[in-house]
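Novice: Everything below, folded, please.
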Amino acid sequence: MFSLFKVAITMNTLFCILTVSMTYASIDALQILAIENVAGKSHWNFMSAVLRSLTDVGHNVSVFTPFPDGNRANYTEIYLDLPSKVAMDVEVAFSTFKNPSVMLSILINMTRNFCNIAYEQRDMREILYGGKSINYDIIITEVLASECASYIGSKLGLPVIYIIPSPMITSMEYSVFGDVSNPATVSHLMAHHAIPKTFAQRFLNFVLFGFSLLMLKYKEMELKIIDSQPYDLVEPLKPSLVFMNTHYITDAPRPMPASVIQIGGIHLKTPRSIPNVST
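Specialist: Model prediction:
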């Protein structure tokens, strides 16, 4: 059952990429440029599983990553030196991230900082300004708290696929999709309940939803003024597809745009039997 579940997710992923890319490249093999622009190990676990499913069937992937695993057939890594977010103290992490205003401010500063570092790297600059875009057919990258990740797609004139290694990032939903879920029925990502049931939960969910939208909008406007970057001068490129780490059997029901493909579990490994240990 587990193997069939993974096969179905992988085939769904490949079909969606081929569909959105068919007008850009031969169906024999796509040339994919991937960028893991968030230095979190769990983020890379999900991204790398998507990329492996592509290389396993013959597509060629070049990826910028802060967690290199080593090159293999159809797969080339380029080290991206980002401040790594691993081995964090659990108590410090919980005390920092439990406050939405603190967390949102950290996330947008971190996202833009990661974008700045990635776009200044020599290999990336050669792609952006050296005319190497002809080698690629599609971009795969991650969205977190800013659409700065789409800049490379705008610059190269290529379609973009976003990776979301979590449930829907509610504060980015409107920016990315142009629509929002009803806060009376769909919980915010940072809410303390899976589904708002009481009036109080629905009201607080609505307040959190509105606050997060305004907070990100205000913070990004502030950063555009005090630390303007090239990606601030172009309209963010909207993704052709979004692969999200959710699945209807594990997540609460919610409306999804047609461009969102749920592939939750693609990064899971086949379970092994429990070893016999003699006492």
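
Novice: which stretches of the stretch 151-279 of the chain have low pLDDT?
Specialist: For the stretch 151-279 of the chain, residues meeting the criterion pLDDT under 70 lie at 278-279.

Novice: Show me the helices in it, by range?
Specialist: 151-156, 173-177, 199-226 (DSSP state H, counting those that start in this stretch).

Novice: Could you check the second one and say which residues are buried?
Specialist: Just to be clear, that refers to helix 173-177. E173, S175, V176, F177 (16 or more other C-beta atoms under 10 Å). For glycine as for every other residue, the C-beta is placed from the backbone atoms N, C-alpha and C.

Novice: Kindly reformat these as CSV containing distance to P165.
Specialist: Below are the buried residues of helix 173-177 laid out as CSV (distance: C-beta to C-beta, whole Å):
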residue, distance to P165
E173, 16
S175, 18
V176, 15
F177, 17
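
Novice: if we can go back for a sec, from the helices of the stretch 151-279 of the chain, which stretch is densest packed?
Specialist: helix 151-156 (a mean of 21; mean count of other C-beta atoms under 10 Å).

Novice: Now that helix - C-alpha only, PDB.
Specialist: Only the C-alpha atoms of helix 151-156 are listed here, as PDB (Å, rounded to 0.1, in the frame of the first residue of the first chain):
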ATOM      1  CA  TYR A 151      12.800  36.700 -10.000                       C
ATOM      2  CA  ILE A 152      15.000  34.200 -11.900                       C
ATOM      3  CA  GLY A 153      11.900  33.000 -13.800                       C
ATOM      4  CA  SER A 154      11.100  36.600 -14.800                       C
ATOM      5  CA  LYS A 155      14.600  37.300 -15.800                       C
ATOM      6  CA  LEU A 156      15.000  34.200 -17.900                       C
END
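
Novice: Need the residues that contact it.
Specialist: The contact list for helix 151-156, computed with C-beta atoms under 8 Å, 6 or more residues apart in numbering, reads 33, 35, 115, 119, 124, 127-128, 133, 136, 139, 141, 158-160, 230-231, 234-237.

Novice: Quick one, which of those residues are buried?
Specialist: If we count by 16+ other C-beta under 10 Å, the contacts of helix 151-156 have these buried: 33, 35, 115, 119, 124, 127-128, 133, 136, 139, 141, 158-160, 231, 236-237.

Novice: circling back to that earlier point, just the buried residues of helix 173-177 now: which is nearest T111?
Specialist: S175 (12.1 Å; C-beta to C-beta).

Novice: residues in contact with that closest one?
Specialist: So S175 contacts E147, L216, P236 (C-beta under 8 Å, 6+ apart).

Novice: nearest to V90, of those residues?
Specialist: When the contacts of S175 are compared for distance to V90 (C-beta to C-beta), L216 comes out closest, at 25.9 Å.

Novice: Now do the strands in the protein.
Specialist: Using DSSP state E, the strands assigned to the chain run over residues 31-35, 60-65, 75-79, 138-142, 160-164, 241-244, 260-262.
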